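In: the following comprises the amino acid sequence and a computationally predicted model.
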Amino acid sequence: MTPDELEAALRAVGAERYHNLHPFHHRLHDGQCSRAEVQAWALNRYFYQSQIPIKDATILARMQDSALRREWRQRILDHDGEREGDGGIERWLVLTDSLGFSRDYVASTQGILPATRFAVEAYVHFCAERSLLEAIASSLTELFSPQVIGERVSGMLAHYDFVDERTLAYFTARPPQAQRDSDFALAYVREHATTRELQQKVLDALVFKTDVLWAQLDALWHAYVEGHRPPGAWSPEA
Ligand SMILES: O=C(O)c1cc(C(=O)O)c2c(n1)C(=O)C(=O)c1cc(C(=O)O)[nH]c1-2
């Protein structure tokens, strides 16, 4: 494949498998979620947010080139901020605060679903164990996130009176960061996936990552829409 053909194949993976296609996302954006379902989504997704800088630090530690590290370290700063009270994780906690969770409870991750934990940990392990090229390729779901974030924010603001622009500020900050990160990762992959075998690994890494995202929404649906809540998971009645 030429780099353009590889990029088209990667975009086709997104068009077929990205989590904007999941029924939970439609339900969230269309205003059909109960407050408890939105609470469960925010609580579980905190774990994803919290592990992103850890997986990025793992990737950073494997980069031999300082120019690459300079580029990648920005991702960690985006999530952790430069100081207390700053950064994406803090902005996510503003959302969970507004939904009535204590920060200690959220940070303890005690109430998250087992499948959330397993999916997110699988992502961190993948980035630690596979080649640098595969680890970078697995972040390419971000090619598709600005659009889903736009739909999500406008849908949630229109339908739920328990969120507002302040509590959804995480998503205002995110699309330009995702654009910058995915531009870089895409250019890297286009340049370094030089054989059919490497190109297949890159495509498989993106498929894996779409599964990580999809599995988290499946778990939310099963537990909170269908009501098959696993033992120990957060309960709206508690
Ligand atoms: O809201 C979303 O739908 C969404 C999706 C993704 C993604 O596609 O992985 C990320 C994010 N948000 C996000 O906020 C984020 O920080 C992020 C980091 C990464 C990554 O793989 O490094 N993906 C995503």
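Out: Looks like it came in fine.
In: all contacts plus neighbour counts: C-alpha atoms, from now on.
Out: Fine.
In: is residue 27 in a helix, a strand, or coil?
Out: helix (DSSP: H, G, I helix; E, B strand; the rest coil).
In: what does this structure put close to the ligand?
Out: Neighbours of the ligand within the chain, by CA under 6 Å from any ligand atom: 52, 139, 141-142, 145, 148-149.
In: list the contacts for the residue positioned nearest the centre of the chain?
Out: The centre of the chain sits closest to residue 48, judged by CA atoms, centre = their mean, with a distance of 6.1 Å. Going by CA atoms under 8 Å, 6 or more residues apart in numbering, residue 48 touches 116, 120.
In: for residue 185, same thing?
Out: Applying CA under 8 Å, 6+ apart, the residues near residue 185 are 136-137, 139-140.
In: Throw these into JSON lines and include neighbour count and pLDDT, thanks.
Out: Putting these into JSON lines (neighbours: other CA atoms under 10 Å; pLDDT from 0 to 100) gives the following:
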{"residue": "136", "neighbour count": "23", "pLDDT": "98"}
{"residue": "137", "neighbour count": "28", "pLDDT": "98"}
{"residue": "139", "neighbour count": "22", "pLDDT": "98"}
{"residue": "140", "neighbour count": "28", "pLDDT": "98"}
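In: just the residues you listed now: which is nearest residue 71?
Out: Checking those against residue 71 with CA to CA, the nearest one is residue 136 at 12.1 Å.
In: what's the helix or strand for that closest one?
Out: According to DSSP states H and E, residue 136 maps onto helix 132-138.
In: where does the protein have low pLDDT?
Out: 238 (pLDDT under 70).
In: select the longest helix from it.
Out: Longest helix in the chain, counting residues (DSSP state H): helix 35-61.
In: only C-alpha atoms, please: export whatever helix or strand comes next after it in PDB.
Out: Note on helix 35-61: by DSSP H and E, the next helix or strand toward the C-terminus is helix 66-80. Backbone C-alpha positions of helix 66-80 (Å, rounded to 0.1, in the frame of the first residue of the first chain) are rendered in PDB as follows:
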ATOM      1  CA  SER A  66      14.500  13.400  21.800                       C
ATOM      2  CA  ALA A  67      12.500  15.200  19.100                       C
ATOM      3  CA  LEU A  68       9.900  12.400  19.300                       C
ATOM      4  CA  ARG A  69       9.800  12.600  23.100                       C
ATOM      5  CA  ARG A  70       9.300  16.400  22.900                       C
ATOM      6  CA  GLU A  71       6.300  15.900  20.800                       C
ATOM      7  CA  TRP A  72       4.800  13.100  22.800                       C
ATOM      8  CA  ARG A  73       5.300  14.600  26.300                       C
ATOM      9  CA  GLN A  74       2.700  17.300  25.400                       C
ATOM     10  CA  ARG A  75       0.100  14.600  25.700                       C
ATOM     11  CA  ILE A  76       1.000  14.000  29.400                       C
ATOM     12  CA  LEU A  77       0.900  17.800  30.100                       C
ATOM     13  CA  ASP A  78      -2.500  18.000  28.500                       C
ATOM     14  CA  HIS A  79      -3.900  15.500  30.900                       C
ATOM     15  CA  ASP A  80      -1.900  16.300  34.100                       C
END
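In: ok, residues contacting the helix or strand just after helix 66-80?
Out: Downstream of helix 66-80, the next assigned helix or strand under DSSP H and E is helix 88-98. Helix 88-98 is contacted by residues 39, 42-43, 46, 49-50, 78-81, 102-103, 106, 162-163, 167-170 when judged by CA under 8 Å, 6+ apart.
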